[in-house]
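# Predicted model and sequence follow; I will ask about them next.
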Amino acid sequence: MDYKRYIAEKINAEGVSTEEIAALLAVPPDPAMGDYALPCFRFAKVMRKSPVLIAQELAASIAPDGVIAEVSALNGYLNFKVNKAALAGQVLARILREGERYGASDVGAGRVVCIDYSSVNIAKPFHIGHLSTTVIGGALYRIFNFLGYRAVGINHLGDYGTQFGKLIAAYKKWGNREEVEKGGIHAINDLYVRFSNEADEEMEHEAREYFRLIESGDKEANELFNWFKSLTLAYVQTIYDRLHITFDSYAGERFYTDKMAPVVEELREKGLLKESEGAQIVDLEPYGMPPCLILRSDGASLYATRDLAAAIYRWNTYHFHKCLYVVAYQQNLHFRQVFKVLELMGKEWAKDLVHVAYGMVSLEDGAMSTRKGKVVWLEDVISRCVEKARAVLEEKNPALENKDEVAELVGVGAVAFGALCNNKIKDITFSYDRALNFDGETSVYLQYTCARAASVLAKAQAEGIAVEELPAFTPCAAESELVKQLALFPETVEQAAEKYEPSLISRCLLDVAKLFNKFYLECKIMQAEGDTRAFRLALTQASLTTLKNGLTLLGIGVPEKM
RNA sequence: GCGCCGUUAGCUCAGCUGGAUAGAGCGUUGGUCUACGGAACCAAAGGCCAGGAGUUCGAAUCUCUUACGGCGCACCA
């Protein structure tokens, strides 16, 4: 039930609608004051009375009932305490009933949300900077599906550009098949880096020629390119598998090669295209932006051209409700330009394109630089975290059977959580010290809490005690606070979708875990008896369900034991 | 120069559509060492919420402005 709504209906303030009151209802800073509070300051002018007096009068006018346990006035606030037993009964019953669907809904039924994330660049290994787009996108993908939308995960491959000409030139000069097969994507990357550092005019010329050969369908050039592409995709797949990331489409830049000409033609027809300094542009000066480059002076297409074609293709294919681009804030201007051009083209759906921008990753000694070899590879971070998890496991739980599997869940979870625990817009300075810290506000803490809860439930089951029986019970403060936090989960999931902010879920789960651990310490579960034990077991089960559902949305696995 | 973003405890960050004494984690100090799992719990210390002005009964939150930092600004993606 909607407590705010219920309470609002009980309040009879002159000239203020129930909706307004429900919107004004807040949660007091200290649970001792109450569960909900109405600040009365706003009514003072209209009612010509002091807020303190208004609160007192309103308090006197409301009689407690089965739902509202207590009404009081304090410093101009009208405070409500709800019936804790009724609240706990309702919340826990719902969680036990809905299980792994707790927090899910069908608000998005019939709507498609396209999510463009991760976007592998062919021939480039993932470094720590690719983590955010990958796990934030992956989390949004699951969150939208959970809310009933059909999410379409799109890996917009970076598979077009002159860099592939350079790569082939470098391979021809310095590389060989055996070495690349052995060294995989890093061997390819090394060739590219070497080209960047050592290429002379002649090689640059060769590179342009090879790029032209790829484009014109030359057999050898395309075979090489496709080889590099398949090596890259096989490599990223191993990382996606570990991070639980999936896609529905790998339509990348090359896919739009033949879809750009019609877009350019449409721009021309609509009178948006202009020549400037030899290039074809869309003038965006009236909107305070630099021009959007559509065609280079040599007639070649550009980044924006492909994104225009891609957006149009996605609309025609999916008729999306929203189309998200999970890309670093560096690209802010680019997306504003592309979205504006589409709007100028009369695409009414341009308003549904969203740049979901996140912050940049740097290292403690400055920005990463592949060319200088100053780079932290994602797979290295993952393996170090898994190794650390394996070592801690060996120390804390030597008897555990499937240590490797658990270490994988713990280590990989810690990596993903690093990009999911804070507001996505914040820049991140990567440090192994932080990544390898498993104490406090971490995914490991969440997983540990799950293992604790699961352990109690397993013990109850072993003793033949029913876990999902829910007696009427008046909870203590620790229990009640935990219940209230569990109740926030569904609306948190919705907010995470609305704001494209998975970290809201992370924060909610950390609060659940904190309150669960407090409850766990203060209230003995298995040592209690009768209704008390039954209630605490139900609360334990509900906490585990909520934590699991949230972690699953974040793409973080939950081991039974650790 | 213009634009976007950021600035909260020593460090890393929360702070919901403005609401009651600004909250966590890490680190520090001190407790809980017979446990349903100590990867935990409790407590202490630590803040002119970058500075200034404004709006408001009320501002970390909204507006303006300054400073500092990040990013971007025509033929790369």
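Thanks, I have it.
# Point out the other helices and strands that the helix or strand of chain A with the lowest mean pLDDT packs with.
Ranking every helix and strand in chain A by mean pLDDT, DSSP states H and E puts helix A:44-47 at the bottom, with a mean of 83. Judged by 3 or more C-beta pairs under 8 Å, 6 or more residues apart in numbering; DSSP states H and E, helix A:44-47 is in contact with helix A:51-61. Where you see a C-beta, it was placed from the backbone N, CA and C, and this is true even at glycine.
# on contacts alone, who are the packing partners of the helix it packs on?
For helix A:51-61, where contacts count as 3+ C-beta pairs under 8 Å, 6+ apart, the packed elements are strand A:36-39, helix A:44-47, strand A:68-74, strand A:77-82.
# on that earlier part again, now do the least confident helix or strand of chain A: distance to the chain's middle.
Distance of helix A:44-47 from its chain centroid, counting by C-alpha atoms, centre = their mean, to the nearest Å, is 44 Å.
# Would you indicate which residues of it are buried?
Neighbour counts over helix A:44-47 (16 or more other C-beta atoms under 10 Å) mark residue A:47 as buried.
# Any chance you could list what contacts that helix?
A:13-15, A:50-51, A:54 (C-beta atoms under 8 Å, 6 or more residues apart in numbering).
# Which of these sits closest to residue A:365?
residue A:51 (55.0 Å; C-beta to C-beta).
# could you list every residue that touches that closest one?
A:39-41, A:43-44, A:76.
# Now list the buried members of those.
Those of the contacts of residue A:51 that meet the buried threshold are A:40, A:43, A:76, by 16+ other C-beta under 10 Å.
# How much space separates the last one from residue A:4?
Translated: residue A:76. 19 Å (C-beta to C-beta, to the nearest Å).
# do the second one as well
As for residue A:43, its distance to residue A:4 is 17 Å (criterion: C-beta to C-beta).
# hmm, back to that, narrow the contacts of helix A:44-47 to just the buried residues.
Using 16+ other C-beta under 10 Å as the threshold, A:13, A:51, A:54 are the buried ones among the contacts of helix A:44-47.
# Not counting sequence-adjacent ones, nearest residue to the second one?
Across the structure, with C-beta to C-beta, 6 or more residues apart in numbering as the measure, the residue nearest residue A:51 apart from its sequence neighbours is residue A:76 (3.4 Å).
# Looks like that neighbour contacts residue A:52 (just checking).
Yes: using C-beta atoms under 8 Å, residue A:76 makes contact with residue A:52 at a distance of 5.1 Å.
# Now do the shared contacts for the two.
Joint contacts of residue A:76 and residue A:52 (C-beta under 8 Å, 6+ apart) are residue A:40.
# Could you restrict the contacts of helix A:44-47 to the ones contacting RNA strand B?
Filtering these for proximity to RNA strand B by C-beta under 7 Å from any atom of the strand leaves residue A:51.
# so which of the contacts of helix A:44-47 comes closest to RNA strand B?
The closest of the contacts of helix A:44-47 to RNA strand B turns out to be residue A:51 (C-beta to the nearest atom of the strand; 6.8 Å).
# Doesn't residue A:324 lie inside a strand?
Yes: counting by DSSP: H, G, I helix; E, B strand; the rest coil, residue A:324 is found in a strand.
# burial count for it?
24 (other C-beta atoms under 10 Å).
# what sits opposite it in the beta ladder?
Judged by DSSP bridges, the bridge partners of residue A:324 are residue A:115, residue A:354.
# need the contact list for it.
Counted by C-beta under 8 Å, 6+ apart, residue A:324 has contacts A:113-117, A:137, A:140, A:354, A:356, A:500.
# distance of it from residue A:152?
Distance from residue A:324 to residue A:152, by C-beta to C-beta: 10 Å.
# which residues are common contacts for the two?
In contact with both residue A:324 and residue A:152: A:113-115, using C-beta under 8 Å, 6+ apart.
# and the helices and strands packed on helix A:51-61, which one is worst for confidence?
Between the helices and strands packed on helix A:51-61, the one with the least mean pLDDT is helix A:44-47; it has a mean of 83.
# quick one, domains of chain A?
A:3-82, A:112-257+A:302-363 (automatic domain parsing).
# so which of those domains is the most packed in?
By mean neighbour count, with neighbours taken as mean count of other C-beta atoms under 10 Å, domain A:112-257+A:302-363 ranks first of the domains of chain A at a mean of 19.
# now that one: mean pLDDT?
pLDDT averaged over domain A:112-257+A:302-363 gives 96.
# What is the end-to-end distance of that domain?
37 Å (C-alpha to C-alpha, to the nearest Å).
# can it be found next to RNA strand B?
Yes: interface with RNA strand B: domain A:112-257+A:302-363 contributes A:121, A:158, A:160-163, A:253, A:302-303, A:306, A:329-334, A:360 (C-beta under 7 Å from any atom of the strand).
# what separates that domain from the chain centre, distance-wise?
For domain A:112-257+A:302-363, the distance to the chain centre is 19 Å (C-alpha atoms, centre = their mean).
# What is the helix or strand containing residue A:265 packed up against?
Residue A:265 is part of helix A:260-269, with elements assigned from DSSP states H and E. Helix A:260-269 sits against strand A:292-295, helix A:303-318, with contacts defined as 3+ C-beta pairs under 8 Å, 6+ apart.
# so which of those comes closest to residue A:128?
helix A:303-318 (23.7 Å).
# helices or strands up against that closest one?
Helix A:303-318 packs on strand A:112-116, helix A:260-269, strand A:292-295, strand A:322-328, helix A:332-344, going by 3+ C-beta pairs under 8 Å, 6+ apart.
# can you list the residues that contact it?
With C-beta under 8 Å, 6+ apart, helix A:303-318 has contacts from A:112, A:114, A:152, A:154, A:156, A:160, A:251, A:253, A:256, A:259-260, A:262-264, A:292-295, A:320, A:323, A:334-335, A:337-338, A:341-342, A:347, A:349-350, A:353.
# Pretty sure residue A:132 sits in a strand.
No: Residue A:132: not assigned to a strand; according to three-state DSSP it is helix.
# For it, which residues are in contact?
A:328, A:358-359, A:361, A:419, A:424, A:428.
# do you know how far the residue of chain A at minimum distance from RNA strand B is from residue A:413?
RNA strand B sits closest to residue A:440 of chain A, with a gap of 2.2 Å, by C-beta to the nearest atom of the strand. Remark: distance between residue A:440 and residue A:413 (C-beta to C-beta) = 15 Å.
# out of these two, which sits in the busier spot?
The neighbour count for residue A:440 versus residue A:413, taken as other C-beta under 10 Å, is higher for residue A:413 (28 against 8).
# host element of the more buried one?
Per DSSP H and E, the secondary structure element for residue A:413 is helix A:403-420.
# buried residues in that helix?
A:403, A:406-420.
# what packs against that helix?
Packed next to helix A:403-420, using 3+ C-beta pairs under 8 Å, 6+ apart, are helix A:131-146, helix A:219-243, helix A:378-396, helix A:432-435, helix A:443-462, helix A:503-522, helix A:530-554.
# so for it, what's the average pLDDT?
Here the average pLDDT along helix A:403-420 is 97.
# quick one: it to chain centroid distance?
On C-alpha atoms, centre = their mean, the centre of helix A:403-420 falls 16 Å from the chain's centre.
# Need the contact partners of the helix or strand just after it.
For helix A:403-420, the following helix or strand on the C-terminal side (DSSP H and E) is strand A:428-430. Surrounding strand A:428-430, the residues in contact under the criterion C-beta under 8 Å, 6+ apart are A:128, A:132, A:359-364, A:376, A:381, A:418-419, A:422.
# so what strands line up beside strand A:428-430?
strand A:361-363 (parallel).
# And the contacts of the partner strand?
In contact with strand A:361-363 (C-beta under 8 Å, 6+ apart) are residues A:128-129, A:131-132, A:368, A:374, A:376, A:427-430.
# do stretch A:6-23 as well
For stretch A:6-23, using C-beta under 8 Å, 6+ apart, the contacting residues are A:4-5, A:25, A:36, A:38, A:43, A:46-47, A:54, A:58, A:61-62, A:67-68, A:78, A:80.
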